[in-house]
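# make a model of this:
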Amino acid sequence: MSEQLFSLHSWPRAIVHIDGDAFFTSCEEAIHPELRGKPLITGGERGIVACASYAAKKIGVARGVPLHEARKICPGLIILPSDYETYSLFSRRIFSIMRRFTPDVEEYSIDEAFADITGMRRALHSSYEEIALRMKQDIERELGITVSVGLSITKVLAKVASKHQKPAGMTVIKGREIPDYLRNLPVEKIWGIGNATTNYLAKMGIRYALEFARLPEKTVLQKFTKPGVEIWQELRGKSVHPVTAEEKSSYASISKTKTFAPPTNDAEYLFAQLMRNMESACIKARRYKLAPHKI
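Just a heads-up that it's a prediction; the model follows:
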């Protein structure tokens, strides 16, 4: 099937995705430069690894594992309690820097955001690539942390791009280049595709993002629900998830989920992930000055 099914226009839209690299430990390293390059984790107060520095990851320390297991992997591991108040300050600074380039910034999580820079080339006297790079450079210079940046024509593709050269990389996926980046990308790496959809696609003989994106529209509409159809559209270069700059002022509920691939019945690991999800939900609740009535 022809790859010309994808967008033939380089920039029908220009969406930037900024993703902090090992964000919590990067913040600690920015505050304490003597820790840079050392195996470091946060989460000591909870007994689990909330975030591992890249030096710790290289040794084999993974996010979510119990501390006693992390110590076995790396006896010299530096363990710090999580300082969410400080991490939130860094987060707000990131979003503030991004808004220098466009008002259309969507705060996706404490260490992630999208920015719609469509139409800003003339105003900023720069190409879209230059705008995204300046955004990255300003964040890294002013905050002393590194971020990975993806620039593409939809939110899903921008997120694919930001993961492509982690850490501290920048990847640009223009409309005409979409097939090159999807060809060897496993479907489970696509934002929004969980374990159930991955297994469903596997039964259809689909393992890679390009295979999914090449499916005929009729097949997609018959076999997938609305979220799956929208991911398919975004992978093909059609923007259906706009950057939402307007923050919600209140929430009826706050939830954080985790899909396990493969499934696990390891009670200790499940508890560690539960604690991590609860912490993430609490960070968001504190930001909006909310308190739970029911958990």
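
# next, residue 151: phi, psi?
Dihedral angles of residue 151 (phi, psi; degrees, to the nearest 10) stand at phi -130, psi 120.

# neighbours of it, just the number please.
Close neighbours of residue 151, defined as other C-beta atoms under 10 Å, add up to 27. Where you see a C-beta, it was placed from the backbone N, CA and C, and this is true even at glycine.

# which residues in the stretch 151-295 of the chain form strands?
For the stretch 151-295 of the chain, the strands defined by DSSP state E, counting those that start in this stretch cover 170-172.

# what segments of this protein are helices?
23-31, 54-59, 67-73, 84-98, 121-124, 128-143, 155-164, 178-182, 195-203, 209-213, 217-223, 226-235, 267-287 (DSSP state H).

# give me the buried positions along the first one.
Applying a neighbour-count criterion of 16 or more other C-beta atoms under 10 Å, the buried positions in helix 23-31 are 23-30.

# contacts for it?
Outside helix 23-31, the residues that touch it by C-beta atoms under 8 Å, 6 or more residues apart in numbering are 20, 35-36, 40-42, 50-53, 56, 80, 82-83, 86-87, 90, 110-111, 143-146.

# and what of the third one?
Outside helix 67-73, the residues within contact range by C-beta under 8 Å, 6+ apart are 41, 43-44, 47-49, 52, 56, 59-61, 77, 79.

# about what we covered before: out of the helices of the chain, deepest packed?
Mean neighbours per residue, mean count of other C-beta atoms under 10 Å, is largest over those for helix 155-164, with a mean of 25.

# show me what that one is packed against.
Taking 3 or more C-beta pairs under 8 Å, 6 or more residues apart in numbering; DSSP states H and E as contact, the helices and strands that helix 155-164 lies on are strand 15-20, strand 147-152, strand 170-172, helix 178-182, helix 226-235.

# which of the ones you listed sits closest to residue 243?
For the helices and strands packed on helix 155-164, the distance to residue 243 is smallest for strand 15-20, at 6.5 Å, taking C-beta to C-beta.

# partner strands of the closest one, with direction?
strand 112-116 (antiparallel), strand 147-152 (antiparallel) (DSSP bridges).

# which of these is buried the deepest?
Stretch with highest mean neighbour count among the strands paired with strand 15-20: strand 147-152 (a mean of 26; mean count of other C-beta under 10 Å).

# let me have the contacts of helix 67-73 in JSON lines, extended by distance to residue 13 and pLDDT.
As requested, the contacts of helix 67-73 are arranged in JSON lines below (distance: C-beta to C-beta, whole Å; pLDDT from 0 to 100):
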{"residue": "41", "distance to residue 13": "38", "pLDDT": "97"}
{"residue": "43", "distance to residue 13": "38", "pLDDT": "90"}
{"residue": "44", "distance to residue 13": "43", "pLDDT": "84"}
{"residue": "47", "distance to residue 13": "44", "pLDDT": "84"}
{"residue": "48", "distance to residue 13": "39", "pLDDT": "88"}
{"residue": "49", "distance to residue 13": "37", "pLDDT": "93"}
{"residue": "52", "distance to residue 13": "35", "pLDDT": "97"}
{"residue": "56", "distance to residue 13": "37", "pLDDT": "97"}
{"residue": "59", "distance to residue 13": "41", "pLDDT": "96"}
{"residue": "60", "distance to residue 13": "40", "pLDDT": "96"}
{"residue": "61", "distance to residue 13": "38", "pLDDT": "96"}
{"residue": "77", "distance to residue 13": "43", "pLDDT": "97"}
{"residue": "79", "distance to residue 13": "43", "pLDDT": "97"}
